[in-house]
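Colleague: A predicted structure for the sequence below; I have some questions about it.
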Amino acid sequence: MKLGQKHSIETKLKMRISMKGIRSLAKHPAWLGEKAGYDAKHDWAREHLQLTNQCQLCNSEENLTWANLSEKYQRISKDWIKLCCSCHMKFDSGKIALKINGKVFQRELSYFTRAKRKDSSSPYKGVFYKSGSGRRKRWMAQIVINRKPIRLGVYFTPEEAKMAYEKAAKTLVPKPEVFEI
């Protein structure tokens, strides 16, 4: 065989069968199983799942990727769906939800910052200690939507500030659009 020449599909299948005893799951010393990383599991999906030529939401035929439904990244074909990049980004950001066989798959909306402030002594997201407020401790509640901070007020306890944050999160965020497949 010449260097740089690609193997045919039949040759790849023969090579895979001949290596089966060596490369089979737990027998190979480099096998990580369910501890495999994000990229490895997406590689598995590309290699083992049936080929579809269009997005299962918008029927687009360009830039198709495999999206994981349950966020558990199991090596089960029912846990994956073929989406175009645009639909995949909307699904992962929580802007759309998918309803498949009566079961709804939805991501947490990513309108909010996920990281807690570094200078915060509060265990709650969106709540931090407001310095310079005299002798009494004051707690500030703040929500970030589309990278714009919205201050919700100053409270005496972190629990009160947390309740204000949760109330704002429920009212300010739009409900995702549900697509039935």
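Modeller: Cool, got the structure. Keep in mind that what you see is a predicted model, and the values were worked out from it rather than measured.
Colleague: For residue 81, give the beta-bridge partners.
Modeller: Beta-bridge partners for residue 81, by DSSP bridges, are residue 67.
Colleague: so what's it up against?
Modeller: Under the criterion of C-beta atoms under 8 Å, 6 or more residues apart in numbering, the contact list for residue 81 reads 56, 66, 67, 69, 98, 100, 181. Every residue, glycine included, has its C-beta placed from N, CA and C.
Colleague: again, but for residue 89
Modeller: Residues near residue 89 by C-beta under 8 Å, 6+ apart: none.
Colleague: Buried residues in the helix or strand harbouring it, which are they?
Modeller: Assigned by DSSP states H and E, residue 89 belongs to helix 85-93. Going by neighbour count (16 or more other C-beta atoms under 10 Å), the buried part of helix 85-93 is 87, 88, 90, 91.
Colleague: For it, output the C-alpha coordinates as CSV.
Modeller: In CSV, the C-alpha atoms belonging to helix 85-93 read as follows (Å, rounded to 0.1, in the frame of the first residue of the first chain):
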residue,chain,number,x,y,z
CYS,A,85,-25.0,23.1,14.4
SER,A,86,-27.6,25.8,14.7
CYS,A,87,-30.2,23.5,16.3
HIS,A,88,-27.5,21.8,18.4
MET,A,89,-26.5,25.2,19.9
LYS,A,90,-30.2,26.2,20.6
PHE,A,91,-30.7,22.8,22.3
ASP,A,92,-27.6,23.0,24.4
SER,A,93,-28.3,26.6,25.5
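Colleague: what's downstream of that helix, the next helix or strand?
Modeller: Using DSSP H and E, the helix or strand that directly follows helix 85-93 along the chain is strand 96-100.
Colleague: what's the offset of that following strand from the middle of its chain?
Modeller: 14 Å (C-alpha atoms, centre = their mean, to the nearest Å).
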